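In: Pasted the sequence and its predicted model underneath.
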Amino acid sequence: LYQKLFLAMSSNGSLEGGEYNSSSSQHQMRHHSSLQVYLTFMDEFMGSTGGWQLIVVGFAIALGLSSIMGVIPQVTTQRYAELLHNYEGASCSRFDGADRPAACIAGGEDAQNAASYSTMGRNIVSLLCNSVVGSYSDVHGRKGVQIVSLFFLSISPLLLILMQVNKSMSPTWYYAFDTCTTMISFMSVSFSALSDTLPARHRAASFGLFMGAFYAGISIGPFITTLIKNHLYATIFSFAIRFSGVLFAIFVLPETLPEEVAKHNREKVDNNTADDSNLVIGTILRPFKEMRILFRNRSLILITIGCFLGKFVFSADVSLFFYYVENVLGVRDKDVAGLMLASGIAGILVQAVFLKYLILLMGEHLLLVASYISGVVHNLVYGLARTKALLYVGICLAQTTGASGPLLHSAVSRNVDPTEQGRIQGSLAALTALSEAIGPVFINYVYRNWHFFGQGTMFVVAAVLYFLGTIAVYHIPPKTASSSTTQDEESSDSSKEST
């Protein structure tokens, strides 16, 4: 395929009037090299241990999550309106904007508050657990940890089903258990698994491809909800698809941690345990000791600051966006489906298709800075939007912002040894949890108390925070934010394959 493609490109316009056109030939060679690098990457990814299996599991989980993304605010709003505000009328989801009864508006605000505090709880749990879990997976393997994480994720929709069947059940029960699902971050453990099996030059692109599977599931899920046209049945579907992910992980997902790495880490843990004179205090302080790896050098410190500010805002966008647009702009199931489809398509294109090309074109560091600038812009669009059409613009730009995730995880993985991949990814997940615990609560406070730019003021404040994050990632030394030899290595590999 490579040879035929190269011959076709070489014969098309490389000779003009019998003279060799060197600039055209160089352009064709660059295009050929980029395509060859991308195809080589895809071949290595699909042939790696656990690569395609993680794609399947990621897609299933995202499909299960997104199929009830628009259901949760409506179900919890209805239940809070009934239980706390004595509402007995028609379903709150039938009313739009100013036509909504006061009890439904109050129930919506209660649901938004509960979601923000639940997010804070989820991320406190993640902060305390994920750095330790990451180190645990460095010793005992990735697969068992991934299965437990998937199992917790499959239980949440069961409580939502019970809440719809039992009209007296408070949404607090759902939010309380959902808080516990973040004890293990499936995403960070999966990033560690990919780091186990793929070379450093492919990590950012492989993380992006994995995220692309999530976006594919996210784009499809809401449309399934609109086809089912019943919140209870949509929730049952969500449970079924999530539990199928658990079964797939048990029977198909392989272990990726090399035995020699596990053996080395077991010996290190045994030595540390023997030296620890106070196991109780050591256990309590362990999550914070594990996170010290994030402050090992200047590059990791700047990555940490940028990640904290970016996730601080991005988590608030994810947690509060649909509550905001449903309450302020009258968005409903059909609109949610359209927004999620646009988000999913944009996410797939950015993460799974164009990310590798953009890395080759711009380098990981410059692309990381560009993704943060996109964060400034998409939050301004959210804050100033007065029509649903602008929401589509903002949510598509948000997927460009989302490219910062794989790039940050790739950057930290380059700054540590292969024996510390689980620890660094777990610590970054814990840091993310800290920022995501504070972010939604702070942004929700801004929404309720600051109105300098109307009800969208919270997104304008978010844009300012993203700008500060942009300054931090800009000052990351480029040679540590992205391998300075990556592009040269890939070009060299392509030349060898062509030869």
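Out: Yes, it's here.
In: contacts and neighbour counts: CA atoms only from here.
Out: Noted.
In: Check which helices and strands the helix or strand hosting S299 sits against.
Out: Using DSSP states H and E, S299 sits within helix 298-328. For helix 298-328, the elements it packs on are helix 102-140, helix 404-414, helix 421-449, helix 457-474, judged by 3 or more Cα pairs under 8 Å, 6 or more residues apart in numbering; DSSP states H and E.
In: so how far is it from its chain's centroid?
Out: 11 Å (Cα atoms, centre = their mean, to the nearest Å).
In: Report the mean per-residue pLDDT for that helix.
Out: On average, the pLDDT along helix 298-328 is 83.
In: Check which element follows it along the chain.
Out: Next element after helix 298-328 (DSSP H and E): helix 333-347.
In: Residues touching that following helix, excluding its own?
Out: Residues outside helix 333-347 that contact it (Cα atoms under 8 Å, 6 or more residues apart in numbering) are 70-71, 212, 215-223, 225-226, 322, 391-392, 395-396, 398-400, 402.
In: Ok, stretch 80-87 next?
Out: Against stretch 80-87 from outside (Cα under 8 Å, 6+ apart): E88, A103, C104, A106, G107, G108, D110, A111, S168, S170, P171.
In: mind listing what V145 touches?
Out: V133, S137, I184, V189.
In: Counting neighbours, what do you get for the first one?
Out: It stands for V133. 26 (other Cα atoms under 10 Å).
In: you'd agree it is up against S427?
Out: No - at 9.2 Å, V133 and S427 do not qualify as touching, with contact defined as Cα atoms under 8 Å.
In: Please tell me I have it right and K356 contacts A205.
Out: Yes - here K356 reaches A205: they are 5.3 Å apart, a contact under Cα under 8 Å.
In: The two - which one has more neighbours?
Out: More crowded of K356 and A205, by other Cα under 10 Å: A205, with 29 against 24.
In: Just to be sure, the more buried one is in a helix?
Out: Yes - judged by DSSP: H, G, I helix; E, B strand; the rest coil, A205 forms part of a helix.
In: roughly how far apart are it and N379?
Out: Separation of A205 from N379 (Cα to Cα, to the nearest Å) stands at 25 Å.
In: what do you get for G394?
Out: 7 Å.
In: Might you list the low-confidence residue ranges for the protein?
Out: For the chain, residues meeting the criterion pLDDT under 70 lie at 1-35, 96-98, 269-287, 319, 333, 479-499.
In: ok, longest strand in it?
Out: strand 452-455 (DSSP state E).
In: Could I get the buried residue list for that one?
Out: Q455 (16 or more other Cα atoms under 10 Å).
In: Likewise for stretch 148-161?
Out: In stretch 148-161, counting by 16+ other Cα under 10 Å, buried: 148-157, 159-161.
In: Spatially, which two of the residues you listed are the most separated?
Out: Farthest apart among the buried residues of stretch 148-161 by Cα to Cα are V148 and I161. That separation is 21.4 Å.
In: hang on, the earlier thing: I would like the residues contacting the longest strand of the chain, please.
Out: G383, L384, Y447, V460.
In: residues near the third one, how many?
Out: Applying other Cα under 10 Å, we find 18 residues neighbouring Y447.
In: Next: the last one.
Out: The number of residues packed around V460, counting by other Cα under 10 Å, is 21.
In: Now do the contacts for it.
Out: N379, L380, G383, F453.
In: quick one: which of these is most hemmed in?
Out: N379 (28 neighbours).
In: what about it, distance to H451?
Out: If you go by Cα to Cα, the gap between N379 and H451 works out to 16 Å.
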